[in-house]
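Visitor: Structure for the following, please:
(one chain, ligands or ions: 3)
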Amino acid sequence: MSEGVLITGDQNPLHLPAKKATDDTQWRSLDVGAEADYFLLEVGSESEAYRIIGLVRQKLLPAVYLKPLILINRGGDVSKSLQDQVDFVISSQQLEQQLPAKLLDEVESINRRIDALQEQRLKADTNIALRVVRYLYSRDREVEPVASIQNRGGYTFTGIESLFGGHDQSIWQTLDFLNSQHLVQTRFVTRTHQCASCGCAFLNFKETCPQCESEELDADDLIHHFRCGYTAELSDFRQDDRLVCPKCDQTLRHIGVDYDKPSMMYHCRSCDHRFQEPEIVTTCFDCHRTAPPENQIHRNIEAYKLSMLGVNAALYGLDSLFASILERRLQLLPLDVFERFIAVEKARIGRYKVSHSSLLLLDIKGLEEIYLTLGERTSEVYEELANLFYAMLRSSDLISSRNESMFLMLLTETSPDDAKIVEGRLSSGVGELLKASLGASPEIISQIVNVDNALDLTEYLESFLSEHHAE
Ligand SMILES: [Zn+2]
Ligand SMILES: [Zn+2]
Ligand SMILES: [Zn+2]
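Guide: Ligands and ions are numbered 1, 2, ... in the order given. As a prediction, this is how the structure comes out:
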């Protein structure tokens with residue numbers, strides 16, 4: 001029997017009310033709601049719905065941000081965009097009875113996929129590209145572009161929009177990145193023009209005079225009379241409500257039979273020039289730059305779904321790229337193995353009381369940006385980063401990673417003071433390398449912890465994450 005958690009609009013969803021189901025457990029936070037099978041959304045307005053969906057989808061725990069969302073419709077239409085952002089919409093009558101079996105089946109199949117992710121020791125996901133990959137994996141669906149005037153790119157992807165905090169540019173960047181890494185497959189949908197300087201899809205296409213560039217033009221059809229061959233502008237043929245040929249005086253009757261309209265004739269009101277081929281220019285509604293259409297961006301608008309590589313990334317993380325490079329240079333230990341080494345080290349130090357070992361944590365916030373801004377050059381930069389780690393660590397040191405940007409190093413026989421030297425070199429080296437490739441210094445947080453009995457690695461990591469990767 002599956003159970004959901006009800007989220008209503010008038011309550012702060014971070015402090016959930018009692019469960020809808022029989023017991024009256026108070027849910028203190030959405031993270032506690034991780035245990036539920038789905039979230040039921042009961043809200044008074046669409047904007048309230050979007051707000052709550054955003055809160056859920058921007059949480060860090062896969063069991064929360066990927067949770068199936070069921071919207072309760074109390075009557076009236078639910079917009080297509082809102083339908084796209086939740087998994088199911090049900091009427092309040094359906095809720096009175098039992099939820100339909102088919103819906104529960106689908107909820108279960110999403111949850112099975114989320115469970116498969118959970119098994120990979122994933123506690124909190126901070127990387128947006130990875131979150132998109134995992135969302136697509138859990139839904140086993142394609143995300144389609146939707147034309148929208150709310151989005152300056154002219155299209156949005158309502159299916160994944162709520163994963164982003166309203167920065168529509170980053171949706172494109174993320175999808176482009178996933179594509180460049182072959183993590184998604186694309187399906188052509190349409191093409192669009194976008195402003196080359198600001199990316200805005202709202203362009204004004206205008207005919208202008210080839211001689212003086214004026215936009216003030218009169219356009220008229222050109223008429224060709226078959227019988228006498230006379231060709232002139234439509235206005236020359238007009239007599240009251242009839243068309244009469246000025247050359248042979250015959251009345252024109254049927255287009256295609258005794259006359260046709262081979263093209264248009266333009267007249268510039270500014271310089272009096274007459275011509276058939278105007279220059280086309282485009283002006284951006286946002287940044288007001290004008291350029292010929294061929295100088296604007298002409299891009300394919302595509303639908304995306306995970307490739308096999310993407311499924312792999314969903315399950316094992318995007319860090320597999322950096323990790324596999326690191327692995328070639330250093331032995332990057334899985335976190336659980338690393339934890340066991342820490343336990344052994346704690347015991348050894350406790351028993352002999354003669355030496356010190358240090359745990360060095362390095363959290364490189366800019367590493368996520370690398371995915372987004374470097375695209376194809378990512379692996380090159382990773383290679384250099386791996387070299388840097390290699391140069392700094394001794395063969396007796398152990399390294400592991402918590403997510404794709406956080407590294408843990410056990411520096412054996414190293415006092416916290418000596419560890420400080422390694423810490424300084426490593427973080428300044430990483431900082432300089434990333435500044436050279438990204439053009440900006442990433443935020444690097446490093447910490448040193450003495451390895452002794454007081455150290456609980458899991459607890460330490462969780463508190464570090466909640467402090468530095470707070471939502
Ligand atoms: Zn004629
Ligand atoms: Zn002109
Ligand atoms: Zn523009």
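Visitor: Low-confidence ranges, the stretch 1-150 of the chain, go.
Guide: With pLDDT under 70 as the threshold, the stretch 1-150 of the chain has low-confidence stretches at 1-4, 8-33, 118-124.
Visitor: For it, give the residue positioned nearest to ligand 2.
Guide: The shortest separation between the stretch 1-150 of the chain and ligand 2 is 33.1 Å, found at Ile149 (distances taken as CB to the ion). Quick note: C-beta positions are derived from backbone N, CA and C, even for glycine.
Visitor: Not counting sequence-adjacent ones, nearest residue to that residue?
Guide: With CB to CB, 6 or more residues apart in numbering as the measure, Phe202 is the residue that lies nearest to Ile149, at 7.7 Å, once sequence neighbours are left out.
Visitor: The one you found and Asn151 touch, don't they?
Guide: No: with contact defined as CB atoms under 8 Å, Phe202 does not reach Asn151; the gap is 10.1 Å.
Visitor: If you count surrounding residues, which of these two has more?
Guide: Asn151 (20 against 15; other CB atoms under 10 Å).
Visitor: Backbone dihedrals for the more buried one, both of them.
Guide: When read as degrees, to the nearest 10, the backbone of Asn151 gives phi -110, psi 130.
Visitor: and what of Asn450?
Guide: The phi/psi pair for Asn450 (degrees, to the nearest 10) reads phi -70, psi 130.
Visitor: do the one 4 residues further on as well
Guide: For Ala454, the backbone dihedrals (degrees, to the nearest 10) come out as phi -70, psi -10.
Visitor: Retrieve the pLDDT associated with it.
Guide: Confidence at Ala454, expressed as pLDDT, is 86.
Visitor: Neighbours of it, how many?
Guide: Using other CB under 10 Å as the criterion, Ala454 is surrounded by 9 other residues.
Visitor: Wait, Arg242 touches Arg253, no?
Guide: No: here Arg242 lies out of contact with Arg253, judged by CB under 8 Å, at a distance of 9.5 Å.
Visitor: give me every residue that touches the residue nearest to Ile149.
Guide: By CB atoms under 8 Å, 6 or more residues apart in numbering, the residues touching Phe202 are 149, 152, 154, 284-286.
Visitor: The lengthiest helix in the chain packs against which elements?
Guide: The longest helix of the chain (DSSP state H) is helix 416-438. Helix 416-438 is packed against strand 358-364, helix 367-374, helix 378-392, strand 406-411, strand 444-450, with contacts defined by 3 or more CB pairs under 8 Å, 6 or more residues apart in numbering; DSSP states H and E.
Visitor: Please point out which parts of the third one sit buried.
Guide: Yep, that's helix 378-392 we're talking about. Within helix 378-392, the residues that count as buried by 16 or more other CB atoms under 10 Å are 378, 381-382, 385-386, 388-389, 392.
Visitor: Can you tell me which of these is nearest Leu178?
Guide: Within these, the smallest distance to Leu178 is 12.0 Å, found for Thr378 (CB to CB).
Visitor: Now do the closest one, the pLDDT please.
Guide: pLDDT, Thr378: 67.
Visitor: State the distance spanning the first to the last residue of stretch 200-213.
Guide: For stretch 200-213, the separation between the terminal residues is 24 Å (CA to CA, to the nearest Å).
Visitor: Please report phi then psi for the residue most central in space within the chain.
Guide: Note on the chain: the residue nearest the mean C-alpha position is Ile171, at 3.4 Å, using CA atoms, centre = their mean. Its backbone dihedrals place Ile171 at phi -60, psi -50, with angles given as degrees, to the nearest 10.
Visitor: swap in the one 4 residues further on?
Guide: According to degrees, to the nearest 10, the main-chain angles of Leu175 amount to phi -70, psi -40.
Visitor: how close does it sit to Tyr266?
Guide: Computed with CB to CB, to the nearest Å, the distance linking Leu175 and Tyr266 is 41 Å.
Visitor: go on, Ile448?
Guide: Distance, Ile448 to Tyr266, by CB to CB: 74 Å.
Visitor: of the buried residues of helix 378-392, the lowest pLDDT goes to which?
Guide: Comparing pLDDT over the buried residues of helix 378-392, the lowest reading goes to Thr378, 67.
Visitor: Does the helix or strand containing Leu243 reach ligand 1?
Guide: Leu243 belongs to strand 242-243 when elements are defined using DSSP states H and E. No: applying CB under 5 Å from the ion, one finds strand 242-243 separated from ligand 1 by no less than 10.5 Å.
Visitor: Quick one: list the elements packing against that strand.
Guide: Strand 242-243 packs on no helix or strand, going by 3+ CB pairs under 8 Å, 6+ apart.
Visitor: Now tell me what touches it from outside.
Guide: Outside strand 242-243, the residues that touch it by CB under 8 Å, 6+ apart are 223, 234, 237, 251-252, 259.
Visitor: Report the rounded mean pLDDT for that strand.
Guide: Per-residue pLDDT values across strand 242-243 average out to 92.
Visitor: Wait, Ile72 touches Leu95, no?
Guide: Yes: when contacts are counted by CB under 8 Å, Ile72 is listed as touching Leu95 (5.8 Å).
Visitor: Spell out which residues are contacts of both of these two.
Guide: With the criterion set as CB under 8 Å, 6+ apart, the overlap between the contacts of Ile72 and Leu95 is Leu40.
Visitor: Can you point out the buried residues in the longest helix of the chain?
Guide: So helix 416-438, judged by 16+ other CB under 10 Å, has buried residues 416, 419, 422-423, 426-427, 429-431, 433-434, 437-438.
Visitor: Let me see the mean pLDDT of that helix.
Guide: Looking at helix 416-438 alone, the average pLDDT works out to 88.
Visitor: Taking strand 358-364 as reference, get the angle to that helix.
Guide: Helix 416-438 and strand 358-364 are oriented at 20 degrees to each other (axes from the mean of the first three to the mean of the last three CA atoms, to 10 degrees).
Visitor: how far does helix 416-438 sit from the chain's center?
Guide: For helix 416-438, the separation from the chain centroid amounts to 30 Å (computed by CA atoms, centre = their mean, to the nearest Å).
Visitor: Quick check: residues of the stretch 101-250 of the chain near ligand 3?
Guide: When proximity is defined by CB under 5 Å from the ion, the stretch 101-250 of the chain lies next to ligand 3 at 195, 198, 200.
Visitor: try it again with 6 Å
Guide: Within the stretch 101-250 of the chain, the positions lying close to ligand 3 (CB under 6 Å from the ion) are 195, 197-198, 200.
Visitor: so which of these would you say is closest to Ile53?
Guide: Looking across these and measuring by CB to CB, the closest to Ile53 is Cys200, at 26.2 Å.
Visitor: My impression was that the closest one belongs to a helix - is that right?
Guide: No: checked against DSSP: H, G, I helix; E, B strand; the rest coil, Cys200 lies outside a helix; its state is coil.
Visitor: Hmm, it is touching His193, no?
Guide: No: checked against CB under 8 Å, the pair Cys200 and His193 is beyond contact range at 9.9 Å.
Visitor: and the residue of the stretch 1-150 of the chain closest to ligand 2, which of the three is it?
Guide: Here Ile149 takes the coil state, with states given by three-state DSSP.
Visitor: Now the weakest link among the helices and strands packed on helix 416-438, please, by mean pLDDT.
Guide: Least confidently modelled of the helices and strands packed on helix 416-438 is helix 367-374, at a mean of 61 by mean pLDDT.
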